[in-house]
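Undergrad: please find the sequence and the predicted model below.
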Number of protein chains: 2
Amino acid sequence: MKGSIPTATVARLPLYLRCVSEVAPDQVTCSSEQLAESAGVNPAQVRKDLSYVDPPGVRGVGYDVAELRAVLRRELGLTREHRVAIAGAGNLGNALTMYPGFNESGFNVVALFDTDPTKIGTRIDSLTVEPYETIGTIVAARDVSIGVIATPVKAAQEVADRFVEAGVRSILNFAPAVLKRPAGVEVRRVDLSTELQILAYYEGRLGG
Amino acid sequence: MKGSIPTATVARLPLYLRCVSEVAPDQVTCSSEQLAESAGVNPAQVRKDLSYVDPPGVRGVGYDVAELRAVLRRELGLTREHRVAIAGAGNLGNALTMYPGFNESGFNVVALFDTDPTKIGTRIDSLTVEPYETIGTIVAARDVSIGVIATPVKAAQEVADRFVEAGVRSILNFAPAVLKRPAGVEVRRVDLSTELQILAYYEGRLGG
DNA sequence: TAGATTGTTAATCGATTAACAATC
DNA sequence: TAGATTGTTAATCGATTAACAATC
């Protein structure tokens, strides 16, 4: 069954991990009811989702908090270290470089790239900004597995190509572009203006 | 039929808007095939989605580029101005304040809040940082309709409550928290570490 | 045993897509 | 008319959830 977790379930695992990490320290087990409450989903959803991960809950008792946390971390691959490279040292790129949530769970920002000559060579939070041309060598040398694209849209595809060519198989894309890439490369897109536009749509219907 | 567009379709409208805005300037019409190609979705999907917006395409011809663009902008509410307030003047908040994509389509950042006394009163990009306590009055006075939460997780709920009390009905939440809020308040969550964790999951399966 | 709570089934719901008649 | 391309149907697929037997 390994590897066959539905995508909707995978997307909720980080949420469950956060929720199970936040239960009271004296609490040994927790119920699907409780997790559902704090995750904001249906209890049946929680049970179905958690039935995909290995050591199961116990009927009549619930889920062992420490065990569930460990299982989710393992399942999500957080027991390994992940080395992250960020392209684009503008406001967003710098904010991401210093984002506390990154280092919290084994994600390590080990490289920062930009194309602007006035930025190249400067230091952000112990990292030196390097030019795009060096992505290939640096990504390989520092064993980067995740590439983050925080460049303007016109540079996004070039940077993605360089990442992919250097062996990166996971990309987090903040640029408002649909990236072309070979099969086997996973891209997640986070688009701030898209989110705002969706909010604007619902604003028109509801409250006003 | 107004107001009954499926959520999955709504979430793709911004993408179509971007794609139709990017066709060659000499091109008068475009096909679902072409839009699908540049949006990275199925052509049948495009036709189904666009069948929800009003002036339809023309069989045998396609969609009028200028008209489709206008319709999508109207449908998404981008013909109105949207006033945005950002809570949290850390790296992320500052990056968002200066994010070019915000002002591009009628989203205007008109207030910036923080709780840190050393930040309050400083200026970021023509805005003065104000304390959380003033959210109520300022949001009302400046007619803010969208609240952005870029605070640490522990301040997120308090800020959300203040936004909601001040009449904000649309919230974009960057804090890793599930916000409690009354019905009628639309929240979209953007969680960077969740995205990384999902990538980490797939990394474990595919490429390695 | 009685109470609690899971895992799983089956029903429902919503989203995607192939296929094609409609029609420019 | 012939070719192109939509709008829409119907089939399929995947996700959600109520219900309940299993079982601690």
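TA: Done, it's in.
Undergrad: near DNA strand C, which residues of chain A show up?
TA: Within chain A, the positions lying close to DNA strand C (CB under 7 Å from any atom of the strand) are A:31-33, A:43-44, A:47-48, A:50-51, A:56-63. (Each C-beta comes from the backbone N, C-alpha and C, glycine too.)
Undergrad: show me the residues you listed that map onto strands.
TA: Among these, the ones falling in strands (DSSP state E) are residue A:63.
Undergrad: so how do I select the buried members of the residues of chain A next to DNA strand C in ChimeraX?
TA: In ChimeraX, this line selects whichever of the residues of chain A next to DNA strand C come out buried by 16 or more other CB atoms under 10 Å in any protein chain shown:
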select /A:32,47,50,57,62,63
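Undergrad: among the residues of chain A next to DNA strand C, which ones are in helices?
TA: Counting by DSSP state H, the part of the residues of chain A next to DNA strand C found in helices is A:32, A:33, A:43, A:44, A:47, A:48, A:50.
Undergrad: show me what contacts the fourth one?
TA: By CB atoms under 8 Å, 6 or more residues apart in numbering or on different chains, the contact list for residue A:44 reads residue A:32.
Undergrad: between the two ends of stretch A:116-125, how far is it?
TA: End-to-end distance of stretch A:116-125 (CA to CA, to the nearest Å): 18 Å.
Undergrad: in that stretch, what counts as buried?
TA: Residues A:119, A:120, A:124 are the ones in stretch A:116-125 that count as buried (16+ other CB under 10 Å).
Undergrad: measure residue A:131 to residue A:30 for me?
TA: Distance, residue A:131 to residue A:30, using CB to CB, to the nearest Å: 49 Å.
Undergrad: cool, residue A:166 as well?
TA: 42 Å.
Undergrad: can you check residue A:201 too?
TA: 37 Å.
Undergrad: between those two, point out the one with more neighbours.
TA: Of the pair residue A:201 and residue A:30, residue A:201 is the one with more neighbours under other CB atoms under 10 Å in any protein chain shown, namely 22 against 19.
Undergrad: that one in helix, strand or coil?
TA: For residue A:201, the assignment made with DSSP: H, G, I helix; E, B strand; the rest coil gives helix.
Undergrad: contact partners for it?
TA: Residues near residue A:201 by CB under 8 Å, 6+ apart: B:10, B:13, B:75, B:76, B:77.
Undergrad: so which of those also contact chain A?
TA: B:10, B:13, B:75, B:76, B:77 (CB under 8 Å from any CB of the partner chain).
Undergrad: dump those residues to TSV, plus pLDDT.
TA: Putting these into TSV (pLDDT from 0 to 100) gives the following:
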residue	pLDDT
B:10	97
B:13	97
B:75	94
B:76	95
B:77	93
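Undergrad: so which of those residues are in strands?
TA: Per DSSP E, those never map to strands.
Undergrad: pLDDT on stretch A:107-118, on average?
TA: Averaging pLDDT along stretch A:107-118 gives 97.
Undergrad: and stretch A:29-36, by the same measure?
TA: 97.
Undergrad: try stretch A:85-100
TA: On average, stretch A:85-100 scores 94.
Undergrad: pull out the buried residues from that stretch.
TA: Neighbour counts over stretch A:85-100 (16+ other CB under 10 Å) mark A:85-99 as buried.
Undergrad: same thing with stretch A:6-16?
TA: For stretch A:6-16, the neighbour count (16+ other CB under 10 Å) marks A:9, A:10, A:11, A:12, A:13, A:14, A:15, A:16 as buried.
Undergrad: just the strands from chain A, written as ranges.
TA: Secondary structure of chain A by DSSP E: the strands cover A:29-30, A:63-64, A:82-87, A:107-114, A:123-124, A:127-131, A:146-149, A:170-173, A:186-189.
Undergrad: tell me the spacing between residue A:90 and residue A:150.
TA: On the measure of CB to CB, residue A:90 and residue A:150 end up 7 Å apart.
Undergrad: what's the answer for residue A:9, then?
TA: 28 Å.
Undergrad: cool, residue A:77 as well?
TA: Distance from residue A:77 to residue A:150, by CB to CB: 23 Å.
Undergrad: next: residue A:12.
TA: Residue A:12 is 26 Å from residue A:150, by CB to CB.
Undergrad: and residue A:32, by the same measure?
TA: 37 Å.
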